[in-house]
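**Q** predicted model follows, preceded by the sequence.
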Amino acid sequence: MSLSSTLQQRIGNWARRRHGVDTSPVTITNRRIYILPTRLGLMYAVAVIAMGVGGMNYGNNLALMLSFLLAALGFVAMHHTHRNLAGLRIHALANEPVFAGQQLHIQLAIENPSLQLRLGLQAVINNSEDPAHSQSVMVNGDTPTTLQLPLTSQRRGWLQIDRLTISTRYPFGLFRGWTVLHLPIRCLVYPRPSERSNTPPPTQFDSRHTQDMHRGDEEFAGLRSFHPGDSPRRIAWKAYAREQGLMVKQYAGTSISTCMFDWDALAGLDTELRLSRLCRWVLDSHQQGIAYGLKLPGFNAAPALREAHRSRCLQALALFQGSA
Amino acid sequence: MPAGIAMLRVQAWPESARSLGMLSLMLLMALLPHVAHLPVWIPLCVTGAMVWRLWIEVHAAALPNKWLRSIMALLALIAVLVNFRSLNGLEAGTALLSMMAGMKLLESRQLRDYSILIFIALFLLFAELLYEQSMILLPYLLLSTTFIVTCLLHLHDGGSQISFGASLMRSTRMLLQALPLAALLFLLVPRLPGQFWVLPSHGAATTGLNDEMSPGDVADLSLSSEVAFRVEFQGTPPPKSQRYWRAVVLHDFDGRTWRRHRSELLTPQKIITSQQTYRYRMLMEPSNEPWIPVLDIPLQTSLRRSMLTSDLQLLARQPVTQLIAVDVLAATEYQFGVSLDETMRRLDTQLAGSLNPRSRELALQMRAASNDDSVYVNTVLNLFRQQEFFYTLQPPALGAHTVDDFLFNTRRGFCEHYASAFTFMMRAAGIPARVVTGYQGGELNEVNNYLVVRQSDAHAWAEVWLADRGWVRVDPTAAIAPQRIEQGLESAGTYNEALTGHMLSRSHWLYQMRQNWDAVNTFWKARIVNFDSDDQRSVMSLLGFSNPDWRTLGWALLISFISFFAAMMLWLGWKYRPRQRDPVVEAYATLKRKLSRAGIDALPHEGPVDYLSRAALAKPALAGELRELCDLYITLRYTPDARPHLLNRLRQLVRQLPA
């Protein structure tokens, strides 16, 4: 670890100790705004000092006045940089889960409680190898502005953002003002689904749970949207004629094939590989409308076919800690 | 679409091209005042680079490659070097900076490059101020500064989120906010007593005065109405006929040209003066020459690093390239050089060669007919007065024997001709004499009581040495055209020679205008351009600090900074205050606070109707008010155009409610 990154780490830890963990929304108070000249600002200072020395040397009062004006402008700019951040309220928005390898967007909303337009605001997440920069945005006093920070997650599980920097170089780029926020932002990363493999998910024609309850009567149970692979005989042509889109009729008790995806069935494979494959099966079954259950060490979900069930299974896969 | 057409449709330019266009415009603005003192190829090259760069951006072409750029940079450097024979000095420096701007533009692609261009523009403005500090230039400089600052802001607002106009508004506001601190710094930052390094200047002499005088050549008399210097007298100024400002003394004459002596004469001279002295402050415009014109005999001057020669020329150690202020104590009634040393006598009686034989002969004749030297002086002056001599600004050229030709043939000339001929006649008779050039007269501006001496007031006269009286000033031009001395150059000479600049003085209204303008200009020069440590001291003593040293100034600076920072924080804190909440909501919040103090807290699920009815039940004494409050609140909140008197009633009721 290089010296500067160690230093950054230390400063980050110090800031965390100083400000504690924030809750959304967090208001950027004066206490937590830091400001330093940028490289451009230092160049500007050197140029202004050079002009001042020149003006002084020649006793040229107008040249001196120019350098004094520019120097004073630098100080004014510093105040504006500070004010451009002060008082803003940052809301952490809920983040949709993604699959490992996909790009996710951490979403923030910046609210400006004053009437002055805030310009050139940027959010940076710098706890990963490649920091995620948001677009530079402006926030007016009427509506909060949403910022999106693109991140690519490689690992399943919770992606925890523990440090977030909001910064600005407005007005002249001479100073950079920033604040470090410790908002509890996290995003669930599901395992990366494996390639569609030739190994079909082991199907069980279950006869105990789902089927028993609906035995015999082939009762119409509802419509669901068409997925490739559905039998054309099941397509609800009447609904199609009513321009409701391509729907498939579902019957309770008919050809109920439930799958049970079992961790133990994939013995011999690497943990992540197993999870990836299970993930793929869950996705495919859900898409094909085949009820499925999932059995992991320490987790057992009875077969079902609902959105919440899918989420629950995927979350279990994402947070799987390893076989006992 | 033919190439080049896309360039002309600015509206259709990509964003990056617009930024470049803005920066090009900024550079042009900074370069414009330099056009006057730069060779013409430099602005042309820079403009060419701008057009090329914009063409590249609009047509999405490639930037010139590194080799081409290096070759161009080298060529630019060589061109500047050939043109100025140096890279040092203001002119060469400005030229180099301008060429650098063009080169930089050709490789600019990123924000960082653009920032460099902005710095170059600021330095170009700075360089312009080293050339000239005139008041007329000031609005232009302020405008350019604002434009440059606006460009800096527009580039850094996070991707041009606001329009250029909005950027302009913002940067102007910030410059105005910076102005008070800039003014305080200007007043309080200690000034240095002198230069600690000198930039070599190639500037030519700009005065009407020269260090030599050739009356026989085709006249090039300075008719410029440019100001040479301004003088503020303590007390009444001397009468116009006494206002002789001596600058250069010419000793050496080769029959055609008068020159200064090769080396400075530094033998101390005994000076006796009367009580009649004048104390004045002179603001001298840059002349690029070392000599300082002074009223007759300078007894004291405040000029540092200067010397007074034995023929009483005041010489600065370095040419005057900036406006300077000199305090002088001078005497107009004096006696000096009574005991003339031999060197000086020889110097001021020498007449080289055998030129002008007729004049020599005439001088000897006339001297023989006079009793003493002073009678002879009058005889020569009478020659000019009584014979047909004319004063003209366009005299004919003179032959090899300039004095003979003038005295016997042409008999037309201006001060130089008369001073030259008179001094020659004195020397021919063995009387020590020399030519003095400087200024005569000057115009008193009644608006501010400053005396303004212009280049057109340049004059030449003679000094003769008379036993017992020492050096005596004789102005032979006064003998021929007295009105020349009484009313200035513009009324002397023939009618069609009236000076264009001086035509103005014929109209009273325009005359007043000119006087006022000059008074403003004088104020500018005296108080702003020439603000120095003395002025600083007087400003501080106005604030109650008598005799402030650098420590006092330091404290004053510190206090200024702190107050400026506090003021900025308060002002911006007010500007960026959280928006005012709805007054109705505000009043309702107060009401809730009051009621909860009385023990009736609003429950989270309760709306105003439920809450206030509950409160009315709990406080039967206030039931009427609470019911009215409830109705008012509902009306104000949910009726689109509720009238303001309802709001007032609501506030009143809330206020009256017992806490």
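**A** That came through, no problem.
**Q** what's the burial count for residue 178?
**A** Reading this off chain A. 19 (other Cβ atoms under 10 Å in any protein chain shown). C-beta here means a position set from N, CA and C on the backbone, and glycine is covered the same way.
**Q** that answer is for a different chain, and I need it for chain B
**A** 23.
**Q** gap between it and B:Ile120?
**A** Distance of B:Ala178 to B:Ile120, computed by Cβ to Cβ, to the nearest Å: 21 Å.
**Q** equivalent analysis for A:Ala47, please.
**A** 10 Å.
**Q** chain neighbours aside, what residue packs nearest to A:Arg140?
**A** Quick fix: residue A:140 is Asn, not Arg. A:Leu117 (5.3 Å; Cβ to Cβ, 6 or more residues apart in numbering or on different chains).
**Q** list the contacts of that neighbour.
**A** Applying Cβ atoms under 8 Å, 6 or more residues apart in numbering or on different chains, we find A:Leu117 in contact with A:Met138, A:Val139, A:Asn140, A:Gly141, B:Ile162.
**Q** between the residues you listed, which is nearest B:Pro395?
**A** The closest of these to B:Pro395 turns out to be B:Ile162 (Cβ to Cβ; 67.0 Å).
**Q** I'd say that closest one and A:Leu119 touch.
**A** Yes: in this structure, B:Ile162 is within contact of A:Leu119 by Cβ atoms under 8 Å, at 6.7 Å.
**Q** shared neighbours of these two, which are they?
**A** A:Met138.
**Q** which one's more surrounded, the two?
**A** A:Leu119 (26 against 18).
**Q** secondary structure element for that one, which one?
**A** Here A:Leu119, judged by DSSP states H and E, is contained in strand A:118-125.
**Q** next: A:Thr146.
**A** Using DSSP H and E, A:Thr146 sits in strand A:145-152.
**Q** buried stuff in that strand?
**A** Residues of strand A:145-152 classed as buried by neighbour count (16 or more other Cβ atoms under 10 Å in any protein chain shown): A:Thr145, A:Leu147, A:Gln148, A:Leu149, A:Leu151.
**Q** could you do stretch B:368-388 as well?
**A** Applying 16+ other Cβ under 10 Å to stretch B:368-388 flags B:Ser370, B:Asp373, B:Ser374, B:Tyr376, B:Val377, B:Thr379, B:Val380, B:Leu381, B:Leu383, B:Phe384 as buried.
**Q** got it, and stretch A:23-37?
**A** A:Pro25, A:Val26, A:Ile28, A:Arg32, A:Ile33, A:Ile35, A:Pro37.
**Q** Throw the residues you listed into JSON lines and include distance to A:Trp178, pLDDT and secondary structure, thanks.
**A** Shown next, in JSON lines, are the buried residues of stretch A:23-37 (distance: Cβ to Cβ, whole Å; pLDDT from 0 to 100; DSSP: H, G, I helix; E, B strand; the rest coil):
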{"residue": "A:Pro25", "distance to A:Trp178": "18", "pLDDT": "79", "secondary structure": "coil"}
{"residue": "A:Val26", "distance to A:Trp178": "14", "pLDDT": "86", "secondary structure": "strand"}
{"residue": "A:Ile28", "distance to A:Trp178": "10", "pLDDT": "90", "secondary structure": "coil"}
{"residue": "A:Arg32", "distance to A:Trp178": "10", "pLDDT": "88", "secondary structure": "helix"}
{"residue": "A:Ile33", "distance to A:Trp178": "7", "pLDDT": "92", "secondary structure": "coil"}
{"residue": "A:Ile35", "distance to A:Trp178": "8", "pLDDT": "93", "secondary structure": "strand"}
{"residue": "A:Pro37", "distance to A:Trp178": "13", "pLDDT": "95", "secondary structure": "strand"}
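**Q** near chain B, which residues of the stretch 101-250 of chain A show up?
**A** Residues of the stretch 101-250 of chain A that fall close to chain B, judged by Cβ under 8 Å from any Cβ of the partner chain: A:113-117, A:119-122, A:135-138, A:141, A:168-173.
**Q** same thing but at 7 Å, please
**A** Residues of the stretch 101-250 of chain A found near chain B (Cβ under 7 Å from any Cβ of the partner chain) are A:113-116, A:119-120, A:136, A:138, A:141, A:169-173.
**Q** return the item of these having minimum pLDDT.
**A** Least confident of these in the model: A:Gly141, at 76.
**Q** now do the SS call for that residue.
**A** coil (DSSP: H, G, I helix; E, B strand; the rest coil).
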